[in-house]
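Asks: Mind folding the following:
(chains A and B)
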Amino acid sequence: DAGITQSPRYKITETGRQVTLMCHQTWSHSYMFWYRQDLGHGLRLIYYSAAADITDKGEVPDGYVVSRSKTENFPLTLESATRSQTSVYFCASMLTNSYNEQFFGPGTRLTVL
Amino acid sequence: QKEVEQNSGPLSVPEGAIASLNCTYSDRGSQSFFWYRQYSGKSPELIMSIYSNGDKEDGRFTAQLNKASQYVSLLIRDSQPSDSATYLCAAQGGGTASKLTFGTGTRLQVTL
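Replies: Numbers count the residues shown, from 1 in each chain, chains lettered A, B, ... in the order given. Just a heads-up that it's a prediction; the model follows:
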């Protein structure tokens, strides 16, 4: 049971480059989420998706693009990376039940130089 | 701005004691509440969910919810050094049920 995986786990890039972070889940959860975690800010929602081809903005969407052509994949793209996007990125998926519990992937640590 | 507030800590408790972690939230429409444990350098791990007023127990963990006071707490009985981590409180809003708002977390240290 692989659950939810993210790749790469670590990434160093330069300002202005395009970067794509991958997220894959094997549970067939309909909802998927992208968060970033920064000291002093906690976890903040970037984008989420209720199903394939349905995405919506979260709290901090600027500078990010998402797509969801298949239920199991939810890639996050930084079109032109900035230093302020240096962060730890977590993908999560949600079991739709009475609690709507979210489960997190292992995270990607991104450094933008 | 919907907010979830937690004391950042660190909260230091001796091994075997009860650790009490607290959280308040601003959105009265919040329906469900969650506690996640996060070890340093790791991802958040769900340990408790609660959506009714009162207590919910699971092993050494008890979650408490008081919607009138907009207050959620997590009690950890018989605290162990392995419980040392940051504990994140999250509230799920009534508007878009899927979205969580997280607190910044309380760091718990269990001392020998």
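
Asks: Any stretches of chain B with poor pLDDT?
Replies: Across chain B, the stretches falling below the confidence threshold (pLDDT under 70) are B:1, B:94-97.

Asks: Tell me the residues on it that lie near chain A, please.
Replies: B:32, B:34, B:36, B:42-46, B:49, B:51, B:88, B:90, B:92, B:97-100, B:102-105 (CB under 8 Å from any CB of the partner chain). Bear in mind the C-beta positions are built from the backbone N, C-alpha and C, glycine included.

Asks: Just the buried ones from those?
Replies: Among those, those that count as buried by neighbour count (16 or more other CB atoms under 10 Å in any protein chain shown) are B:32, B:34, B:36, B:43-44, B:46, B:49, B:51, B:88, B:90, B:92, B:98-100, B:102-105.

Asks: Okay, and which of those map to strands?
Replies: Those of those mapping onto strands are B:32, B:34, B:36, B:46, B:49, B:88, B:90, B:92, B:100, B:102, per DSSP state E.

Asks: these two touch, right, the last one and residue A:38?
Replies: Think residue B:102. No - between residue B:102 and residue A:38 there is no contact under CB atoms under 8 Å: 11.8 Å.

Asks: Can you work out which residues contact both of the two?
Replies: The contact sets of residue B:102 and residue A:38 overlap at residue A:44 (CB atoms under 8 Å, 6 or more residues apart in numbering or on different chains).

Asks: and the gap between residue A:64 and residue A:13?
Replies: Note on residue A:64: its distance to residue A:13, by CB to CB, to the nearest Å, is 14 Å.

Asks: The two - which one has more neighbours?
Replies: Ranked by neighbour count (other CB atoms under 10 Å in any protein chain shown), residue A:64 and residue A:13 place residue A:64 first, with 19 against 16.

Asks: Enumerate every residue touching the nearest residue to the more buried one once chain neighbours are set aside.
Replies: Distance criterion CB to CB, 6 or more residues apart in numbering or on different chains; nearest residue to residue A:64, sequence neighbours excluded, is residue A:46 at 5.3 Å. With contact set as CB under 8 Å, 6+ apart, residue A:46 has these partners: A:34, A:35, A:36, A:58, A:59, A:60, A:61, A:64, A:66, A:76, A:89.

Asks: so, if you compare these, which one comes nearest to chain B?
Replies: Closest approach to chain B among these (CB to the nearest CB): residue A:58, at 7.2 Å.

Asks: And for that closest one, nearest residue in space, chain neighbours not counted?
Replies: Leaving aside its sequence neighbours, residue A:58 sits nearest to residue A:45 (CB to CB, 6+ apart; 3.1 Å).

Asks: beta partners for the one you found?
Replies: Here residue A:45 shows beta-bridge partners residue A:35, assigned using DSSP bridges.

Asks: Show me which residues of chain A are close to chain B?
Replies: So far as CB under 8 Å from any CB goes, chain A lies against chain B at A:31, A:33, A:40-45, A:48, A:50, A:58, A:90, A:94, A:98-107.

Asks: Can you give me the neighbour number for residue 35?
Replies: Using chain A. Neighbour count of residue A:35, defined by other CB under 10 Å: 28.

Asks: Sorry, I should have been clearer: chain B.
Replies: A count of neighbours around residue B:35, defined by other CB under 10 Å, yields 23.

Asks: Ok, residue A:23 next?
Replies: 25.

Asks: and it, what element?
Replies: strand A:19-25 (DSSP states H and E).

Asks: Please list the outside residues in contact with stretch B:5-19.
Replies: Stretch B:5-19 has contacts (CB under 8 Å, 6+ apart) with B:21-26, B:75-81, B:83, B:87-89, B:103-112.
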